[in-house]
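Student: Have a look at this prediction, sequence included:
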Amino acid sequence: MKETLEYYYGIDVNTIDEQDGKYHFKLNNEDFFFVYYNRGIDELDDIIGVNNEMIKKGIDVHKILLNRNNSYLTTLNGYNYMLFSVSNLKEEYDIFDMVSISEKLMVTDARSKLYRNNWGELWASKIDYFEYQVRELAYEKSVIKDSFSYYIGLAEVAISYVNNTNFSYGNSFAPRLVLSHRRVFYPNYKLNYLNPLSFIFDMEVRDIAEYIKAMFFKEDFDYSFDELSSFLKIRPMNVYEYQMLFARLLYPTYYFDLYESIMNKDTDEEELVKVIKRVDEFELFLKKTYLEISKYAKIEKIDFLIEER
């Protein structure tokens with residue numbers, strides 16, 4: 001890897017750390033990451049455009065470096081990679097950081113390749129494929145087989161919730177489309193946050209919901225609920241935004257991400273067991289969240305969560 005960096009970027013470093021396919025090194029007090037380009041080639045121009053616009057606005061996003069061929073992508077063994085420099089960023093980002101950044105860059109029609117706001121269609125297509133996979137390929141995955149139906153059911157409830165939320169983009173009540181991330185992690189370190197390879201345009205509540213779900217499975221119940229409750233107290237939304245926030249909390253991204261990783265043989269099934277063990281606790285979290293949101297807006301009731309059992 002040292003030879004690659006020297007040849008393509010003219011960078012000479014002594015020490016390079018590798019973790020999960022990401023190469024990291026320091027140079028002149030800056031962090032550099034050489035990472036696999038995991039987006040479509042047709043999205044590249046929009047990603048570069050968004051990143052450059054953020055830099056012009058004075059926002060400390062990752063700087064994407066050109067190689068010796070004046071290209072943002074470097075091809076190694078048939079795979080494309082990208083080099084970032086990361087400086088002046090906080091070590092960790094929270095829910096309030098995400099909202100403040102999203103307000104800096106609104107959606108434009110010219111960047112439609114980065115839109116991810118058609119949740120109902122995307123989720124329905126994804127679970128159709130997952131159901132096919134489980135029927136055909138997951139016959140040896142006992143943990144997946146035993147838990148899959150529950151999470152498919154939860155996803156279908158989320159899809160129904162989205163489809164029952166009637167608004168049209170462009171009217172004054174529709175959730176705003178802002179700079180968002182494909183995935184939000186907790187803790188949300190600087191490599192993950194403001195990473196151009198994660199940039200999309202979606203509803204502001206996407207990052208909020210994904211952050212809270214990620215926090216729930218890393219922290220305890222009270223910590224994650226208190227974080228969301230504090231946020232809701234100071235961040236007013238309209239009824240559509242509250243409804244879509246709850247829909248996103250309902251959708252089990254945390255399960256399906258692990259499922260895909262297991263099917264790709266990158267993760268052991270035991271990681272899924274940790275999530276499944278907290279299913280009752282997460283249902284209680286959803287119930288409390290529904291009641292908390294109901295203080296601010298009347299949103300659709302989910303009978304299986306709210307009814308006493």
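Tutor: Yep, it's here.
Student: And residue 134, how far from residue 121?
Tutor: Remark: distance between residue 134 and residue 121 (CB to CB, to the nearest Å) = 21 Å. Every C-beta, even on glycine, is put in place using the N, C-alpha and C of the backbone.
Student: In terms of neighbours, single out the busier of these two.
Tutor: The residue with more neighbours, out of residue 134 and residue 121, is residue 134; 18 against 12, by other CB atoms under 10 Å.
Student: what about that one, helix or strand, and which?
Tutor: Assigned by DSSP states H and E, residue 134 falls within helix 119-137.
Student: thinking residue 185 is in contact with residue 207, fair?
Tutor: No: using CB atoms under 8 Å as the test, residue 185 is too far from residue 207 to be in contact (10.9 Å).
Student: so residue 7 sits right up against residue 76, yeah?
Tutor: No: if you go by CB under 8 Å, residue 7 and residue 76 don't touch, sitting 10.7 Å apart.
Student: isn't there a strand covering residue 288?
Tutor: No: counting by DSSP: H, G, I helix; E, B strand; the rest coil, residue 288 falls outside a strand, being helix.
Student: so how many other residues sit close to it?
Tutor: 16.
Student: give the contact list for the residue nearest to residue 219 when sequence neighbours are not counted.
Tutor: Once flanking residues are discounted, residue 219 sits nearest to residue 186: 7.6 Å by CB to CB, 6 or more residues apart in numbering. Residues near residue 186 by CB atoms under 8 Å, 6 or more residues apart in numbering: 211, 214, 215, 218, 219.
Student: re earlier: buried residues in the helix holding residue 134?
Tutor: For helix 119-137, burial by neighbour count (16 or more other CB atoms under 10 Å) applies to 119, 120, 123, 124, 127, 130, 133, 134.
Student: Return the member of the residues you listed nearest to residue 227.
Tutor: Closest approach to residue 227 among the buried residues of helix 119-137 (CB to CB): residue 119, at 22.9 Å.
Student: While we're on the closest one, how confident is the model there?
Tutor: We have a pLDDT of 93 for residue 119.
Student: Quickly note the distance from it to residue 238.
Tutor: 17 Å.
Student: ditto for residue 77
Tutor: Residue 77 sits 49 Å away from residue 238, going by CB to CB.
Student: Between the two, which is the more surrounded one?
Tutor: Comparing residue 77 with residue 238 by neighbour count (other CB under 10 Å), the higher total belongs to residue 238, at 14 against 5.
Student: Quick check: the gap between that one and residue 230.
Tutor: To residue 230, residue 238 is 20 Å away according to CB to CB.
Student: so is the residue nearest to residue 219 in a helix, a strand, or just coil?
Tutor: Quick answer, by three-state DSSP: residue 186 is coil.
Student: Please list the residues outside the helix holding residue 134 that contact it.
Tutor: 116, 141, 144-145, 148, 152, 155-156, 158-159, 162-163, 244, 247-248, 251, 256, 259, 263.
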